[in-house]
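K.L.:
Need coordinates for the below:
(one chain, ligands or ions: 1)
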Amino acid sequence: MFWGQATIVGGGYIGMETAACLSKNGLEVTLVFPEKHLMERLFTAEMAAFYEKVYTDKGIKLLPGSLAASFEGKDGHVSTLNVPLPFFVLDFIYDALWLAAGLVG
Ligand SMILES: Cc1cc2nc3c(=O)[nH]c(=O)nc-3n(C[C@H](O)[C@H](O)[C@H](O)COP(=O)(O)OP(=O)(O)OC[C@H]3O[C@@H](n4cnc5c(N)ncnc54)[C@H](O)[C@@H]3O)c2cc1C
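P.N.:
Modelled structure (predicted):
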């Protein structure tokens with residue numbers, strides 16, 4: 001089993017599923033997504049609040065309002081995710097990165 005820190009980009013269906021699975025398998029999970037709440041396209045704020053509590057109670061960190069902008073890597077491995085916030089850029093260092101950003105285009 002793999003232990004470590006996982007960052008997931010995307011707060012939709014796939015991001016939520018992935019977060020739940022990785023957390024259940026012992027990883028420390030952070031979910032980065034630009035909307036105000038999870039599954040904004042489908043959930044009302046009240047529905048999302050229910051799931052967000054379940055997730056945060058399990059130790060999953062949620063970062064709403066965060067858009068992944070770029071990645072940095074070394075020797076063919078992605079190692080840092082850059083998330084610009086209003087006054088600084090948050091750099092995530094992690095052991096595993098999942099892209100669950102939906103259909104882009
Ligand atoms: C009108 C419509 C009807 C549908 N009906 C059905 C149905 O009846 N049954 C069915 O099974 N499927 C249906 N689908 C398909 C289903 O919605 C998708 O398959 C599913 O939502 C895909 O989930 P996802 O998590 O991959 O993407 P999404 O739900 O699109 O989530 C992507 C997430 O990634 C985030 N993201 C994107 N870029 C970044 C970035 N740079 N940084 C951080 N976060 C980012 C987005 O903001 C979002 O939070 C429908 C889709 C549409 C559009």
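
K.L.:
Would you mind listing what in the protein touches the ligand?
P.N.:
Selection of the chain residues close to the ligand by C-beta under 6 Å from any ligand atom yields 9-15, 32-35, 67-68, 100-102. The C-beta positions use only the backbone N, C-alpha and C, and glycine is treated the same way.

K.L.:
Could you pick out the buried ones from those residues?
P.N.:
9-12, 15, 32-35, 68, 100-101 (16 or more other C-beta atoms under 10 Å).

K.L.:
List the buried residues of the helix or strand of the chain with the lowest mean pLDDT.
P.N.:
The least trusted helix or strand in the chain, going by mean pLDDT, DSSP states H and E, turns out to be strand 89-93, with a mean of 77. Residues residue 92 are the ones in strand 89-93 that count as buried (16+ other C-beta under 10 Å).

K.L.:
now stretch 94-105
P.N.:
For stretch 94-105, a neighbour-count test (16+ other C-beta under 10 Å) marks 94, 97-101 as buried.

K.L.:
And those, which is closest to the ligand?
P.N.:
residue 101 (3.6 Å; C-beta to the nearest ligand atom).
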